[in-house]
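S.K.: Here is a sequence with its predicted model. Questions after.
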Amino acid sequence: MKLALIGVGGAGTRIVDRFVRAERDTGRSVTNGNVLAFTTDPRAFDRTTALSADRQVVLGDAHPDVTRRGAGEGNAAAGERSRHSRAEPTEAGEGSATETAPEGAPVTDGDSDGLTDAITNYGVGGDPELGARVAQADRPEIRRALDPIEETDVAATMLVAGLGGGTGCGVGSVLLEELQSIYETSVYALGVLPATAEPDRRTLTAARGVRTFVPLADSMFLVDNEAWCSDADRVVDRYEPINAMTVERLLSVFGAGERDCGSVSEMRVDSADIQRTLDVGGVATIGRETVRVEPESRGLIARILRLIGRSPETDSTAVDASMVKHLISRALQSKLTLPCDITSADRVFVILTGPPDTISRKGFETGRYLLEEETETVEVLAGDEPIPGAPELTATVVLSNVTTVPRIERLQRRAVAIQTDGDPNDKATSATDTERPAATKSTDERFDRSNPDDDAASHGFDFGDTGRDLGE
Ligand SMILES: Nc1nc2c(ncn2[C@@H]2O[C@H](COP(=O)(O)OP(=O)(O)OP(=O)(O)O)[C@@H](O)[C@H]2O)c(=O)[nH]1
């Protein structure tokens, strides 16, 4: 399925950049060059290798509250960036970065490449209100930057952002709105949730981000940094593997069928089925499991069958079918991008990727039956991507509109506790009751960009009347 990808902020930029690299590495063509990355801190581009300079857009140069690093610290690409992007400003040095530090945020420059667990004072300095104001002011710039995206080339667009980021959440919410207003095709989002070890401000911003993005997006994939970090990890050290996992799964879903392998498929992935699965809206999550199926091992199974007196010709389908069923079951039970109660899913999509002779219709059918039973939904769609000679068989499962997500409930409770300035652990019950505003608020009111002095408590994170409220 062809997809335009738009990264926002540090996390969004890195994930989109990795996706483009992975497309090249795997011979899949999903984006067809329809990629962009927006940031307010150009250091987000320091580590990109696949996003060309004309796809890197820096917002907020003219904004008085946006802080840049000092002169001479830019990367080589800075001067070559697109007509939409701006060169590194020189007037704001590190002194002003400290002066404009958001209250309560650690004052830090991060590592020399800008990667840090703490909130730095560059760009919008972790402030989603400022991020939203910058994006509002730069709307004409944003529209121009979107010009090269060929909507007719793609079936949908996906915005990718770290929801705990001032840029990801603030700029991202304005961008999402903008994309929905100009594109007729579906606009999905992928948001990264912060780990609990990150500053409280990230939690607060992410809670707001979830409530703002979910109603705006046609479907919202979530990736939980917390679930993918161990206590011993520095979150920043996990970015690479989490991004790799995220991209691998996205490619399994959207890249299936986007590689010409010349092989006949049992049930070729149909992008209309992916859209049907996602267009129910709400939050989506992805599981994945792989098994090695080298020709040698399959030959070994056949030899063993012969030894025990069973014909490999007649039993081989049964072996493959049970293997496929087991694999799909393991994908369902695997660590999801966002752990949740799988029975709360509305729709499910399963994709099998691997050697054509391991993907049998019987395996599919038993796998689908299993998914229907385990997820308690009848809306299970399936597709395959045969890859001749592949050493692995992979099952990827998309669960759409999941509504029982303990992590989101915890995130919202903690956000309320932070807001009310008490001990987060004492405020266990009232997240949505105390925070939810009237259901009739407009999007602008939901993420009020007109009054920068409002604190987070005055902003709505309401799912409106979409019936997708994850907070209860
Ligand atoms: N998985 C993953 N998470 C990231 C990555 N970079 C940042 N994050 C998370 O995303 C959130 C926002 O960080 P950034 O994306 O750097 O922030 P930003 O949107 O650029 O905006 P600022 O907060 O103003 O810096 C934080 O919770 C980070 O932990 C990444 O490469 N991978």
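M.R.: Nice, I can see it. Being a predicted model, the structure only gives us computed values, none of them experimental.
S.K.: Can you find the residue of the stretch 351-472 of the chain that comes nearest to the ligand?
M.R.: residue 411 (11.4 Å; Cβ to the nearest ligand atom). The way it works is simple: take the backbone N, C-alpha and C, and place the C-beta from them, glycine included.
S.K.: My error: substitute the stretch 251-400 of the chain in the last question.
M.R.: Nearest residue of the stretch 251-400 of the chain to the ligand: residue 337, at 10.2 Å (Cβ to the nearest ligand atom).
S.K.: Quick check: residues of the stretch 201-350 of the chain near the ligand?
M.R.: The stretch 201-350 of the chain comes close to the ligand at residues 202, 225, 235, 239, 242, 243, as judged by Cβ under 6 Å from any ligand atom.
S.K.: list the contacts for the third one?
M.R.: With contacts taken as Cβ atoms under 8 Å, 6 or more residues apart in numbering, residue 235 has the following neighbours: 117, 194, 195, 197, 198, 225, 229.
S.K.: same question, the first one
M.R.: Taking Cβ under 8 Å, 6+ apart as the criterion, residue 202 is in contact with 119, 126, 164, 165, 194.
S.K.: So which of those is surrounded by the most neighbours?
M.R.: Counting neighbours by other Cβ atoms under 10 Å, residue 165 leads the contacts of residue 202 with 35 neighbours.
S.K.: Please name the nearest non-neighbouring residue to that residue.
M.R.: In space, not counting the residues next to it along the chain, residue 165 is nearest to residue 9; the distance is 4.3 Å by Cβ to Cβ, 6 or more residues apart in numbering.
S.K.: So for that neighbour, what's the pLDDT?
M.R.: With respect to pLDDT, residue 9 scores 96.
S.K.: Over to residue 441?
M.R.: 34.
S.K.: beta partners of the residue nearest the centre of the chain?
M.R.: Nearest residue to the geometric centre of the chain (Cα atoms, centre = their mean): residue 190, 2.7 Å. Counting by DSSP bridges, residue 190 forms beta bridges with residue 160, residue 221.
S.K.: before we move on, back to that, list the contacts of the residue of the stretch 251-400 of the chain closest to the ligand.
M.R.: By Cβ under 8 Å, 6+ apart, residue 337 lies in contact with 221, 222, 223, 224, 245, 246, 249, 285, 286, 287.
S.K.: Apply 7 Å and report the result again.
M.R.: Applying Cβ atoms under 7 Å, 6 or more residues apart in numbering to residue 337 gives the contacts 221, 222, 223, 224, 246, 249, 285, 286.
S.K.: where along this structure do the strands fall?
M.R.: Remark: strands assigned in the chain by DSSP state E are 3-8, 35-39, 56-58, 156-162, 186-193, 219-224, 283-292, 347-354, 380-386, 392-400.
S.K.: number of nearby residues for residue 343?
M.R.: As a burial measure, residue 343 scores 12 neighbours (other Cβ under 10 Å).
S.K.: ok, so what distance separates it from residue 404?
M.R.: Using Cβ to Cβ, to the nearest Å, we find residue 343 at a distance of 8 Å from residue 404.
S.K.: right, and the residue nearest to the centre of the chain touches residue 158 too?
M.R.: Yes - counting by Cβ atoms under 7 Å, residue 158 is a contact partner of residue 190 at 5.9 Å.
S.K.: ok so, going back, redo the residues of the stretch 201-350 of the chain next to the ligand as JSON lines? Include distance to residue 380 and pLDDT.
M.R.: Converted to JSON lines, those look like this (distance: Cβ to Cβ, whole Å; pLDDT from 0 to 100):
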{"residue": "202", "distance to residue 380": "36", "pLDDT": "95"}
{"residue": "225", "distance to residue 380": "29", "pLDDT": "97"}
{"residue": "235", "distance to residue 380": "35", "pLDDT": "89"}
{"residue": "239", "distance to residue 380": "33", "pLDDT": "94"}
{"residue": "242", "distance to residue 380": "28", "pLDDT": "97"}
{"residue": "243", "distance to residue 380": "29", "pLDDT": "97"}
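S.K.: still on that earlier bit, for the contacts of residue 337, pick the one with the most neighbours.
M.R.: Compared across the contacts of residue 337, residue 222 has the highest neighbour count, 29 neighbours, by other Cβ under 10 Å.
S.K.: Which pLDDT value goes with the nearest residue to residue 372 once chain neighbours are set aside?
M.R.: Spatial nearest neighbour of residue 372, excluding adjacent residues (Cβ to Cβ, 6+ apart): residue 380 at 5.2 Å. pLDDT, residue 380: 94.
S.K.: Mind listing the residues bridging to residue 380?
M.R.: With beta bridges defined as DSSP bridges, residue 380 has these partners: residue 348.
S.K.: now residue 290
M.R.: Going by DSSP bridges, residue 290 is paired in beta bridges with residue 394.
S.K.: That one contacts residue 391, doesn't it?
M.R.: No - in this structure, residue 290 is not within contact of residue 391 by Cβ under 7 Å, at 9.7 Å.
S.K.: Settle it for me: which of the two has more neighbours?
M.R.: residue 290 (19 against 13).
S.K.: re earlier: return the most buried member of the strands of the chain.
M.R.: Highest mean neighbour count among the strands of the chain (mean count of other Cβ atoms under 10 Å): strand 3-8, with a mean of 30.
S.K.: Any residue of that one touching the ligand?
M.R.: No - against the ligand, strand 3-8 shows no contacts by Cβ under 6 Å from any ligand atom, the least distance being 6.6 Å.
S.K.: Kindly format the C-alpha coordinates of that strand as PDB.
M.R.: Once non-C-alpha atoms are left out, strand 3-8 reads as follows in PDB (Å, rounded to 0.1, in the frame of the first residue of the first chain):
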ATOM      1  CA  LEU A   3       1.900   5.700   1.800                       C
ATOM      2  CA  ALA A   4       3.200   9.300   2.200                       C
ATOM      3  CA  LEU A   5       5.200   9.600   5.400                       C
ATOM      4  CA  ILE A   6       5.600  12.800   7.400                       C
ATOM      5  CA  GLY A   7       7.900  12.900  10.400                       C
ATOM      6  CA  VAL A   8       7.600  15.600  13.100                       C
END
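S.K.: And it, what does it pack against?
M.R.: Judged by 3 or more Cβ pairs under 7 Å, 6 or more residues apart in numbering; DSSP states H and E, strand 3-8 is in contact with helix 9-26, strand 35-39, strand 156-162, helix 172-182.
S.K.: Is it possible to get a markdown table of those that adds distance to the ligand?
M.R.: A markdown table is the format used below for these (distance: least, Cβ to the nearest ligand atom, whole Å):
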| stretch | distance to the ligand |
| --- | --- |
| helix 9-26 | 2 |
| strand 35-39 | 6 |
| strand 156-162 | 2 |
| helix 172-182 | 8 |
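S.K.: and the gap between the residue nearest to residue 372 and residue 390?
M.R.: 24 Å.
S.K.: Just the pLDDT at residue 62, thanks.
M.R.: 81.
S.K.: neighbours around the nearest residue to it once chain neighbours are set aside, how many?
M.R.: The shortest distance from residue 62 to any non-neighbouring residue, by Cβ to Cβ, 6+ apart, is to residue 137 (7.6 Å). Counted with other Cβ under 10 Å, the neighbours of residue 137 add up to 16.
S.K.: How about residue 181?
M.R.: Residue 181: 8 neighbours (other Cβ under 10 Å).
S.K.: residue contacts, the closest residue to residue 14 other than its chain neighbours?
M.R.: Take residue 14 and drop its neighbours on the chain: the residue closest to it by Cβ to Cβ, 6+ apart is residue 243, 5.7 Å away. By Cβ under 7 Å, 6+ apart, residue 243 lies in contact with 14, 15, 18.
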